[in-house]
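Chemist: Pasting the sequence and the predicted model now:
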Amino acid sequence: MQIGGILAYLVSFAIMATIYAVFSLGLNIQWGYTGLFNIGIAGFFAIGAYMSSLITMPKPSGTYAEYVDVLFALNLPFPIGLLGAGVVCGIIAYLIGIPTLKLGEDYLAIATIGIAETVRLIFNNEQWLANGPRGLAGLPQPLSGLVEARFYNYIYLMIVILILVILYLATERAIRSPWGRVLRAIREDEVSASMSGKKISSFKMQAFVFGAMVMGIGGALYAHYTKAISPDVFTPLYGTFIIWVMVIAGGSGNNKGVILGAFVVWAIWIGTQFITNFLPYTLKARAPYIRFLIIGILLEIILLYRPRGLLGEEKAVSRMME
Amino acid sequence: MLELFMYGIVLGSIISLGAIGITLVYGILRFGNFAHGDLMTTGAYIAFFFVTGPLNWVGIPDNMFGPFSFGWRMVIAFPLSMLSVGGVAILLDRILYQTLRNKEAGRVTLSMSALGASFIIRMGVLLIWGADYKFYKPGLIRPALELPAGIKIRPDQILILIVVAILVTAVHLFLKKSRMGKAMRATSDNMELARLSGIEIQKVIYYTWGIGGALAAAAGVLYGIDVQLHPGMGWNFLIPLFAAAILGGLGNVYGALVGGLVIGVVQQMSTAVLLPTYKPAVAFIIMIVLLLIRPQGIFGRSSR
Amino acid sequence: MNECWRPIWVDRTDNYILKVEDITVGYSKIDILHGVDLLLRKGEIVSIIGPNGAGKSTLLKTIFGLLKPRKGNVFLQDRDITGEKPERLVRRGISYVPQVENVFSSLTIQENLEMGAFTRTDDFSGRIEEIYELFPVLGERRNQRVGNLSGGQHQMVAMSRALMLDPQVLLLDEPSAGLAPKFVSMIFERIIDINKTGVSLILVEQNAREALNMAHRGYVLTTGRNVLDGEAKALLANEEIGRLYLGG
């Protein structure tokens, strides 16, 4: 196999891993640091992806317009798409958070499952919103004119890495601040944290919104990489569960850990593709199921035998607690 | 409208079976089993396996009873499936949840493991049977009976109501009259005192999972008879199941029964204005509203 | 008041049914009890009194195996039962009534008793009738949910549940706690009735005067240590005890 081919493969691997690392950061803020049990990541994933698409899409024209039905299409540049994705996710997180954040852990979990499913149902059934089950295609890519199409991924990789670094630094900054300390206190023991006099509910909301915005940006990055999205991308498996596996595998409560977790789990996911390539032809169609089965079993093994993940919680953060 | 209501009761009775399982487990282990929906799926598909597999090979006849859509095979497969899933549920607890409990894992770890288990089960079903919709008896035309007041209802559905009634009554009698059933209620009420009184908590836990799993299997098979089988069927029920259990008060078996019926009816009546695919969303909205205004459910928790 | 009396019956310890020897126990790093001794003879009522936080409840929990002592032993007649789990002790003839959450509120009186007898394999309906003779009020309401009962009846159910196994030793943690005065004396009368059927009792009580009134012997615990013990009448007459613990 030629170097060019291998390199291209590695680049696409890196792009997806980085995008999932962004999601993992978002979940880490909500769960790793604040203890919010969000099983509805797929909802924010979808909203971010759709928002950015709709903002950056050119208005469908000509015969194309007959097949595509969207609420709006603003043809604005990529950064605005990202921003829009983050902001809208933040707003929606805020609205969702008002009723659900005061619920206990278990209840929040089932509520977020419901939200993600509802979001998917809405995008799937309300044609006027974003073309229903057919989804959106031909999404614009930033700086696409700069190089030949076959080299574009290198550019995109740099863009997503840049964004990951920015988000990582922002998150690290936030976590080490007094604000971050309160979050950790909430995760450890909400009752004593609330006795410190600070308004716990607003901190939880801030963490929830912040995490959701990060997830929204991840969704946007995903959309512009794959150039096409539809509701069946944002399933509980692909859009929520795998991110949880990444965060747990890497070490929740540790930003470096969850990024590492994203890369490792994505590598395993891609790796399973190689395994299933050896399957007899009759089973090939069922390959994704085997791959997800492996991921699922991987999670259970981690939970049973190494729940702290690869890097575990940050010592610096736990020191903060003393 | 009345027809929607009637079907809502049928659907609701299926939801009740699952919700009772969820509430029983929660009452004793204080744990929301996210894999419960997929236990329903397991039950449905195990019955499918028996009907199309061993019972077929052994030569049990395939004819249907009268107006119903099933025959002797299902009659045998139904209890077999309930038994199997009861066993699967006990195994699931033993291998996964119990091990985590012994390691003093947090609630979130337990819930995550349940989620993982649900995906593993679903992938397993997809692997073995594929993603297509399946029917216990393919190619059937299922005529509806017409009852007074012009309600159309299929004979299958009347039977579903009867079966659910029988199962719920059996559970009720078990909990009320049998020694183990009382021990289960006692443990749900006050586990520490149950331990102090010498009640074997481990046995109680096994019975709880066994009954919960068996009821989930029954729900899955009944749904499969009424509608169809597909690998995601249980997951789609997860939110209605939890909504029903919460509505009735977690830990309260009779509450789960009523909760299931209510959720079923509301879901079904909502199809008058919404697309049927939105039914889980309807259950979800009900649940959120409930959690906001009365989190202990209509009937309140069974204890503590 | 800091003399340490050594019990006068140390020579007659062969007659005991329960012996607690030099128990040191606590939660995580903090010890609650420091080298505590106690003796219960067959057929006795022993009351443990002392200020809040003295470790009285902790002592009962240690005897019943809810806590494992760092040092010391508990003997049931000549058998060392130190640290044995409650589920085993229940079968050995020791029953325990906690101070709170001591009934199954969503079950009926009858069902509470049946649960008390869970480990029995014989027909215990006779025992149930005996209990109802001891507590007629419960017999009248046997099918009522315990959650609906008054405080006094609540406590009676709690004790009855523990009696279903025909225990030799009954440990009661503050049986009169939270009860209206009229129920307090009723509960204490019932405790004496229970004792008359042959059950030896250890009682932890805030209500020191009453506790000593009905006991044969008493122990005074302060900050986890034996301070004084002796015949209950002697303790009652003791001026220091009277001043410190008996109110007046």
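Modeler: Nice, thanks for sending it over. Numbering: from 1, shown residues only, chains lettered A, B, ... in the order given.

Chemist: Quick check, pLDDT for the closest residue to chain A within chain B.
Modeler: Closest contact between chain B and chain A, by C-beta to the nearest C-beta, is at B:F284 (3.5 Å). For the C-beta atoms, the positions are set from N, CA and C on the backbone; glycine is no exception. Looking at B:F284, its pLDDT is 91.

Chemist: just the one 4 residues further on next, same as before
Modeler: pLDDT for B:I288: 86.

Chemist: That one touches A:T118, doesn't it?
Modeler: No: with contact defined as C-beta atoms under 8 Å, B:I288 and A:T118 do not form a contacting pair (10.0 Å).

Chemist: where along chain C do the helices fall?
Modeler: C:56-63, C:86-92, C:109-116, C:125-134, C:136-140, C:151-163, C:181-196, C:208-214, C:232-237, C:239-245 (DSSP state H).

Chemist: same question, the stretch 201-322 of chain A
Modeler: A:236, A:242-250, A:255-276, A:281-284, A:287-305, A:315-320 (DSSP state H, counting those that start in this stretch).

Chemist: got it, and chain B?
Modeler: Under DSSP H, chain B gives helices at B:2-29, B:36-52, B:54-58, B:72-92, B:98-102, B:107-129, B:155-177, B:179-189, B:191-196, B:201-226, B:233-247, B:253-270, B:279-293.

Chemist: Of all those helices, which one is nearest C:L60?
Modeler: helix B:191-196 (11.8 Å; C-beta to C-beta).

Chemist: Return the set of buried residues in that closest one.
Modeler: Under the neighbour-count criterion of 16 or more other C-beta atoms under 10 Å in any protein chain shown, helix B:191-196 has B:M191, B:L193, B:A194, B:R195, B:L196 buried.

Chemist: how close does the closest residue to the first one other than its chain neighbours get to C:N102?
Modeler: In this case it means B:M191. Counting by C-beta to C-beta, 6 or more residues apart in numbering or on different chains, B:M191 lies nearest to B:I201, which is 6.7 Å off, once chain neighbours are set aside. Using C-beta to C-beta, to the nearest Å, B:I201 is found at 18 Å from C:N102.

Chemist: Looking at those two, which has the bigger crowd around it?
Modeler: For the pair B:I201 and C:N102, the greater number of neighbours falls to C:N102 (24 against 15), based on other C-beta atoms under 10 Å in any protein chain shown.

Chemist: what residues are up against the more buried one?
Modeler: C:N102 is in contact with B:L193, C:Q155, C:A158, C:R161, counting by C-beta atoms under 8 Å, 6 or more residues apart in numbering or on different chains.

Chemist: Go through those residues and name the one nearest chain A.
Modeler: Closest to chain A, out of all of the contacts of C:N102 and judged by C-beta to the nearest C-beta, is B:L193, at 24.0 Å.

Chemist: tell me the contacts of the closest one?
Modeler: Counting by C-beta under 8 Å, 6+ apart, B:L193 has contacts B:A186, C:P98, C:E101, C:N102, C:V103, C:F104.

Chemist: distance of it from B:V253?
Modeler: Relative to B:V253, and taking C-beta to C-beta, B:L193 is found at 20 Å.

Chemist: about what we covered before: need the buried residues of helix B:191-196 in JSON lines (columns: pLDDT).
Modeler: As requested, those are exported to JSON lines (pLDDT from 0 to 100):
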{"residue": "B:M191", "pLDDT": "92"}
{"residue": "B:L193", "pLDDT": "92"}
{"residue": "B:A194", "pLDDT": "93"}
{"residue": "B:R195", "pLDDT": "90"}
{"residue": "B:L196", "pLDDT": "88"}
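
Chemist: Quick check: of the residues you listed, which lies closest to B:I20?
Modeler: Taking these together and measuring to B:I20 by C-beta to C-beta, the closest member is B:M191, at 19.6 Å.

Chemist: Can you name the element that comes right after the helix or strand hosting A:V165?
Modeler: Using DSSP states H and E, A:V165 sits in helix A:152-176. Toward the C-terminus, helix A:152-176 is succeeded by helix A:178-188 as the next helix or strand (DSSP H and E).

Chemist: so after that following helix, what's the next helix or strand?
Modeler: Per DSSP H and E, the helix or strand that comes after helix A:178-188 is helix A:190-194.

Chemist: outside of that next one, which residues touch it?
Modeler: Taking C-beta under 8 Å, 6+ apart as the rule, helix A:190-194 contacts A:G35, A:V182, A:A185, A:I186, A:I200.

Chemist: And for the spatially closest residue to the third one that is not a sequence neighbour, the neighbour number?
Modeler: Of all residues not flanking A:A185 in the chain, A:A193 sits nearest, at 4.2 Å (C-beta to C-beta, 6+ apart). For A:A193, the neighbour count with other C-beta under 10 Å is 19.

Chemist: how about the residues of chain B near chain C?
Modeler: Residues of chain B lying close to chain C (C-beta under 8 Å from any C-beta of the partner chain) are B:179, B:182-183, B:185-186, B:188-190, B:192-200, B:302-303.

Chemist: Got a quick PyMOL command for the buried subset of those residues?
Modeler: Command for PyMOL that selects the buried part of those, burial taken from 16+ other C-beta under 10 Å:
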select buried, chain B and resi 182+183+185+186+188+189+190+193+194+195+196+197+198+199+200+302+303
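
Chemist: how about residue 231, what does it touch?
Modeler: Going with chain A. So A:P231 contacts A:A46, A:R120, A:F123, A:N124, A:G132, A:P133, A:G135 (C-beta under 8 Å, 6+ apart).

Chemist: try chain C instead
Modeler: Contacts of C:E231 by C-beta under 8 Å, 6+ apart are C:H216, C:R217, C:G218.

Chemist: which of these tops the neighbour count?
Modeler: Result: C:G218 is most packed of the contacts of C:E231 (other C-beta under 10 Å), 29 neighbours.

Chemist: Got phi/psi on A:L136?
Modeler: Main-chain torsions, A:L136, degrees, to the nearest 10: phi -110, psi 150.

Chemist: Any stretches of chain B with poor pLDDT?
Modeler: B:139-150, B:301-304 (pLDDT under 70).

Chemist: So out of everything in it, what residue is nearest chain C?
Modeler: Closest residue of chain B to chain C, C-beta to the nearest C-beta: B:G198 (3.9 Å).

Chemist: From A:K227, how far out is that residue?
Modeler: For B:G198 relative to A:K227 (C-beta to C-beta), the value is 66 Å.
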